[in-house]
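Novice: I would like to see how this sequence folds:
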Amino acid sequence: MQKSNFLKYQLFLISVSIALFIYLLGLKFINPINQDWLYGKDLPIYQIGWKYFRADIWRFPLGLNPNFGIYAGGSIVFTDSIPIFAIFFKIFSSYLPQNFQYFSSWILLCIYLQLFFSFKIIHKLTDDLFYSLIASLFFCIATIFLNRSAFHLSLTAQWLILFGFYIEISSSKYKSILRGFLIVLSCTIHFYFTIILSILNILIHTFDFFNKRNFFLKIIKEMIITYSSLFVIMFIVGYFSIEAKDGLGGGFGYFNLNLNSFFNPIGSHNFGKFNWSFFFPAQKNLNGEYEGFAFLGISGFIFLFLFFINFKFNKDKIIFSNYETLIVCLVFLLLSISNNVNFGEKNLFTLPLNNIVYAMFSSIRASGRLIWPVYYLIFIFGIIFVYKFFKYKKSYFIIIFLFIIQIVDIHPGLLKYKTGNQYTNQKSDNFYVKDKIWKNLSNQFDQIRLIEPENDTRIFWKMTKYLMDENFSKTDIFSLGRTNRKNISFKKYELNALYNKKDLKIFDKKLFISDDLNIVRSLYNLYEKKLYYYFRDNLWLISSEPINDNNSKFDLKILSNHYEFDLNKKNKLNFENKKNPLGNMGWIKRINSNGLIADGFYSTVNFKTKGNNCSQDSKIIIEIKKYFPNYKEPIKINLFLNNVKKYSFLLNNSLDERIALDFDCSLSSTFTLAFEFENPISLYDLRKGLNRDKRSIIFKSILIIG
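Specialist: Here you go, the predicted structure:
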């Protein structure tokens with residue numbers, strides 16, 4: 001290409017990129033020190049992950065980020081913070097402003113590269129500068145591209161797919177090196193692109209082998225070099241901070257592609273669903289099929305028609321030969337649909353998968369995303385068909401006309417992305433913590449923690465703005481795409497044990513948070529006034545030292561109130577379809593669980609008694625059953641009342657079992673009933689899932705008889 005043409009198309013691409021960039025973010029949000037737009041959906045995870053990563057020391061592997069998600073196997077990979085950018089900008093961290101974010105710059109880069117590679121593909125196939133520039137515009141307004149720019153920023157790197165297509169039509173003698181480089185590069189951005197490009201790479205090598213374009217040993221050599229390099233880079237950026245099995249997740253067959261996705265204009269951004277189209281009516285879908293959003297628009301439908309017509313009238317190779325194109329599209333289409341085939345709200349059929357096969361597909365849990373290569377092939381083939389089928393002047397007119405009607409069709413969706421509308425919602429601002437007690441607490445405490453560790457809690461989403469603004473050194477208030485499941489579960493059980501030992505050291509320079517009054521009452525029952533308790537913004541703050549705030553008062557009466565049984569009446573409390581009024585740690589309540597589920601090795605309940613029927617022969621009668629009814633081994637249980645061991649037994653069968661304990665209610669008015677489980681079991685132990693949480697019994701009811 002001549003130098004003058006190079007300057008022309010670069011000027012065009014850069015100008016369009018900047019214009020679309022400003023349109024999408026507005027002048028306010030393009031500012032790299034403005035993080036006020038990074039609050040909706042998953043956006044705060046990216047910035048908070050980067051914040052803790054840049055504040056940490058350099059580690060090896062380079063992507064480790066253990067301070068955001070203590071003991072969870074934290075890595076910059078699992079916050080989707082675009083590892084290649086995070087590592088690069090960490091080098092210059094000391095020179096960057098405190099509120100620096102690189103995500104706006106990332107969006108600009110993705111817009112430009114989306115235009116660049118689409119232009120290069122069309123120009124390579126047409127050798128027509130003007131036509132290629134106009135055609136490239138379809139790709140920067142692609143609905144699947146703009147859709148991800150609202151909330152999955154790393155997934156706006158769909159130029160990686162276009163780059164992969166361009167490599168296949170290039171005449172470079174380094175094609176195999178470029179393929180490998182692209183796959184390796186993709187893992188430093190988002191692993192879904194690695195999956196897509198790896199599938200494409202395997203298909204290409206298969207075509208080469210059967211078409212005798214490459215020898216088998218050469219193909220094996222290229223794949224060994226590519227994937228050994230990939231594993232090295234994956235290690236360096238932090239993919240292996242957790243075990244391989246923890247990288248698997250549920251969702252395959254749920255986050256899939258609906259058969260109506262190409263003509264379903266219902267999309268979404270951070271603040272709700274909307275219709276992208278002026279012409280197409282809204283369609284229904286099921287489950288998490290928003291992940292398979294792939295609305296083509298009216299021009300896209302014309303290109304889809306031309307895509308099929310191409311196989312009859314055009315025998316020339318475009319990116320792949322006709323039959324290779326069909327195979328590529330069919331493979332990605334079937335994987336994106338998954339084993340759960342839906343059309344609109346109707347499930348057509350579901351193919352059952354055994355656990356091993358399901359585990360294999362768990363790495364592509366959001367399989368609906370795999371439709372992206374097919375989407376772009378439809379546009380490329382349609383655009384090329386228009387150019388080749390019509391004379392060049394007519395093709396100019398047609399492609400401009402198709403672009404205009406595409407804009408007209410999808411303009412309702414485009415308006416939802418105007419100057420940052422997709423990132424801000426004033427109504428959601430009331431969701432975050434606001435009380436002045438929170439201000440500058442990172443100056444007083446090194447860490448901010450949860451009383452009961454858990455990934456992706458309601459508390460995290462309530463505190464995202466706060467975690468961005470403060471500078472705690474570590475936190476386990478986090479949300480990670482993948483975690484060390486075992487560590488999270490066992491850390492929770494370890495903390496529970498320390499609480500019950502009344503260990504104060506665990507509170508040193510740490511601020512603990514909970515939104516469960518019963519759990520906070522449990523702590524008060526154990527530590528009493530040795531800890532400080534504050535209730536702000538519907539959250540409890542617990543610390544071993546007072547918080548410096550003039551209005552930091554708390555009501556001990558709320559914490560000392562336990563559920564009270566009147567011994568003059570029949571006192572049976574059923575836990576089915578009820579919240580836990582007895583409080584304390586070591587229990588969870590789930591819908592349709594018929595009671596409280598024991599979580600871990602130690603679970604307790606607190607209660608009070610009152611009435612004149614108190615006697616030494618009072619009784620506590622509990623009704624329990626096995627959590628896993630088909631688990632053959634007996635559950636070993638020890639029962640304690642006010643730290644005195646009262647009963648030991650084996651829970652053998654799956655039927656409800658009633659246990660009666662004698663107690664002297666005259667000794668105290670406040671009681672703690674504790675369950676100690678010697679051998680709780682998890683789904684992982686039973687080889688029925690990846691969940692490491694230990695379960696033993698369902699606590700169905702308690703009856704107090706005076």
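Novice: drop to CA atoms for contacts and neighbour counts, all remaining ones
Specialist: OK.
Novice: contact partners for residue 114?
Specialist: Contacts of residue 114 were listed using CA atoms under 8 Å, 6 or more residues apart in numbering, and they are 139-140, 157-159, 162.
Novice: which of the residues you listed sits closest to residue 25?
Specialist: Minimum separation from residue 25 among these (CA to CA) is found for residue 140, which lies at 14.7 Å.
Novice: for the closest one, give me phi and psi.
Specialist: In terms of degrees, to the nearest 10, the main-chain angles of residue 140 are phi -80, psi -20.
Novice: from memory it sits against residue 115, does it?
Specialist: Yes: taking contacts as CA atoms under 8 Å, residue 140 lies within contact range of residue 115: 6.0 Å.
Novice: neighbour-wise, which of these two wins?
Specialist: More neighbours surround residue 115 than the other of residue 140 and residue 115, with 26 against 23 (other CA atoms under 10 Å).
Novice: apart from its chain neighbours, what residue comes closest to the more buried one?
Specialist: residue 136 (5.5 Å; CA to CA, 6 or more residues apart in numbering).
Novice: go on, residue 477?
Specialist: Distance criterion CA to CA, 6+ apart; nearest residue to residue 477, sequence neighbours excluded, is residue 460 at 5.4 Å.
Novice: kindly report the same for residue 674.
Specialist: The nearest residue in space to residue 674 (CA to CA, 6+ apart) is residue 604, at 4.2 Å.
Novice: direction included, what does the helix or strand harbouring the one you found pair against?
Specialist: For residue 604, the element it lies in under DSSP states H and E is strand 602-610. When pairs are called by DSSP bridges, strand 602-610 turns out to pair with strand 564-566 (parallel), strand 670-677 (antiparallel).
Novice: what's the closest of the ones you listed to residue 104?
Specialist: The stretch from the strands paired with strand 602-610 with the least distance to residue 104 (CA to CA) is strand 670-677; that distance is 51.1 Å.
Novice: now the element after the closest one, going C-ward?
Specialist: Read in the C-terminal direction, the helix or strand following strand 670-677 is strand 695-705, with elements assigned using DSSP H and E.
Novice: any idea of the mean pLDDT for that next one?
Specialist: Averaged across strand 695-705, the pLDDT comes to 91.
Novice: cool, and stretch 126-146?
Specialist: When pLDDT is averaged over stretch 126-146, the result is 97.
Novice: could you work out the end-to-end span of it for me?
Specialist: Start and end residues of stretch 126-146 are separated by 26 Å (CA to CA, to the nearest Å).
Novice: just stretch 304-321 next, same as before
Specialist: Where stretch 304-321 starts and where it finishes are 17 Å apart, if you go by CA to CA.
Novice: show me which positions of that stretch end up buried.
Specialist: By neighbour count, with 16 or more other CA atoms under 10 Å as the criterion, the buried positions of stretch 304-321 are 304, 306-307, 310, 318-320.
Novice: my guess is residue 129 contacts residue 123, does it?
Specialist: Yes: between residue 129 and residue 123 there is a contact under CA under 8 Å: 6.3 Å.
Novice: what touches both of the two?
Specialist: Common contacts of residue 129 and residue 123, defined by CA under 8 Å, 6+ apart, are absent altogether.
Novice: give the next helix or strand downstream of the longest helix along the chain.
Specialist: Assignment by DSSP state H gives helix 3-29 as the longest helix of the chain. Of the helices and strands lying after helix 3-29 in sequence (DSSP H and E), the nearest is helix 43-55.
Novice: give me the low-pLDDT residue ranges for the chain?
Specialist: Counting by pLDDT under 70, the chain shows low-confidence ranges at 1-3, 426-429, 549-553, 577-583, 591-592.
Novice: mind putting the buried residues of stretch 304-321 into JSON lines with distance to residue 182?
Specialist: Formatted as JSON lines, the entries for these read as follows, by distance: CA to CA, whole Å:
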{"residue": "304", "distance to residue 182": "28"}
{"residue": "306", "distance to residue 182": "30"}
{"residue": "307", "distance to residue 182": "27"}
{"residue": "310", "distance to residue 182": "29"}
{"residue": "318", "distance to residue 182": "21"}
{"residue": "319", "distance to residue 182": "17"}
{"residue": "320", "distance to residue 182": "18"}
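Novice: where do the strands sit along the stretch 351-500 of the chain?
Specialist: Defined through DSSP state E, counting those that start in this stretch, the strands belonging to the stretch 351-500 of the chain, from first to last, are 447-450, 474-475.
Novice: packing partners of the longest one?
Specialist: Translated: strand 447-450. Contacts defined by 3 or more CA pairs under 8 Å, 6 or more residues apart in numbering; DSSP states H and E place strand 447-450 against strand 474-475, strand 510-514.
Novice: repeat for the last one
Specialist: For strand 474-475, the helices and strands in contact under the criterion 3+ CA pairs under 8 Å, 6+ apart are strand 447-450.
Novice: mind listing what the strand it packs on pairs with, with the direction of each?
Specialist: strand 474-475 (parallel), strand 510-514 (parallel).
Novice: buried deepest among the ones you listed, which one?
Specialist: Highest mean neighbour count among the strands paired with strand 447-450 (mean count of other CA atoms under 10 Å): strand 510-514, with a mean of 22.
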